[in-house]
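Undergrad: make a model of this:
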Amino acid sequence: MAVLRGKEYPQLSVLEMTSQLQTLMTIIRDKNTKRNDFIFYSDRINRLLVEAGLNCLPTREKVVETRTGETYVGTEFVGKICAVPIIRAGLSMQNVIREVAKKIRIAHILIQRDEETAKPIFFKDWLPDDIENRFVFILDPMLATGGSANETIRSLKLKGVAEEKIIFINLVAAPEGIEAVLAAYPNIRIITAEVDEGLDTNAYIVPGLGDFGDIYFGTD
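TA: Take a look at the predicted model:
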């Protein structure tokens, strides 16, 4: 549970701001950071986020025999996972989730922001036929107005995915975006590394870090 603007949000999780995470965030926010360093340290943060997301999945008891012949009472994951990066910036997060979730299915959705209105424009999705039976990780590094996230969640719900099975993982969030998403879909979970001050007049996150996709993919 996190507190935002004096209100408690049980479905919002913000990573603990350790000295390591603070250093990583400083590196990727620094305008003088080179692209290869930006990629390396962003991937490190994204791995922390994905691990936090996996911790939200249900498990059940599993008893195994160890190599010493003894019994160990442990757990195993329940259910399948589908990661849905929002093209384009969300693609930066899919390799990280492949590294830690061996049998994950990767799907995609193409939603772009109209820079004049800051509204999302839906183009197309590529989702597996059984997505309603999976836990879904939406991947997008920046949560600004919440428009793209809400459009993605709407598309998933149309395919039968329950809100309770949706986890939205992002790196930097604006309070406005968090409030907009949880107001529309109060039963999803949001996991972020840091919540920024808010949005400027152009609906960009401040202090932010710039256009994540442009920096990561070298198109800035």
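Undergrad: so how far is stretch 122-141 from its chain's centroid?
TA: Its chain's C-alpha centre and that of stretch 122-141 lie 12 Å apart, by Cα atoms, centre = their mean, to the nearest Å.
Undergrad: please apply the same query to stretch 138-148.
TA: Stretch 138-148 has its C-alpha centroid displaced from the chain centroid by 8 Å (Cα atoms, centre = their mean).
Undergrad: could you dump that stretch to PDB, C-alpha only?
TA: Coordinates of each C-alpha in stretch 138-148 appear next as PDB, following Å, rounded to 0.1, in the frame of the first residue of the first chain:
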ATOM      1  CA  ILE A 138       1.400  -4.400 -18.800                       C
ATOM      2  CA  LEU A 139       4.900  -2.900 -19.400                       C
ATOM      3  CA  ASP A 140       5.400   0.800 -20.000                       C
ATOM      4  CA  PRO A 141       8.200   2.800 -18.400                       C
ATOM      5  CA  MET A 142       6.400   6.100 -18.100                       C
ATOM      6  CA  LEU A 143       3.000   6.700 -16.600                       C
ATOM      7  CA  ALA A 144       2.000  10.300 -17.300                       C
ATOM      8  CA  THR A 145      -1.700  11.000 -17.900                       C
ATOM      9  CA  GLY A 146      -2.700   7.400 -17.700                       C
ATOM     10  CA  GLY A 147      -4.400   7.500 -21.100                       C
ATOM     11  CA  SER A 148      -2.400   4.700 -22.700                       C
END
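Undergrad: which parts of it are buried?
TA: Of all the residues in stretch 138-148, those buried under the rule 16 or more other Cβ atoms under 10 Å are 138-148. Where you see a C-beta, it was placed from the backbone N, CA and C, and this is true even at glycine.
Undergrad: list the contacts of S13.
TA: By Cβ atoms under 8 Å, 6 or more residues apart in numbering, S13 lies in contact with 1-2, 52, 56, 189-192.
Undergrad: just the pLDDT for it.
TA: Note for S13: predicted pLDDT of 97.
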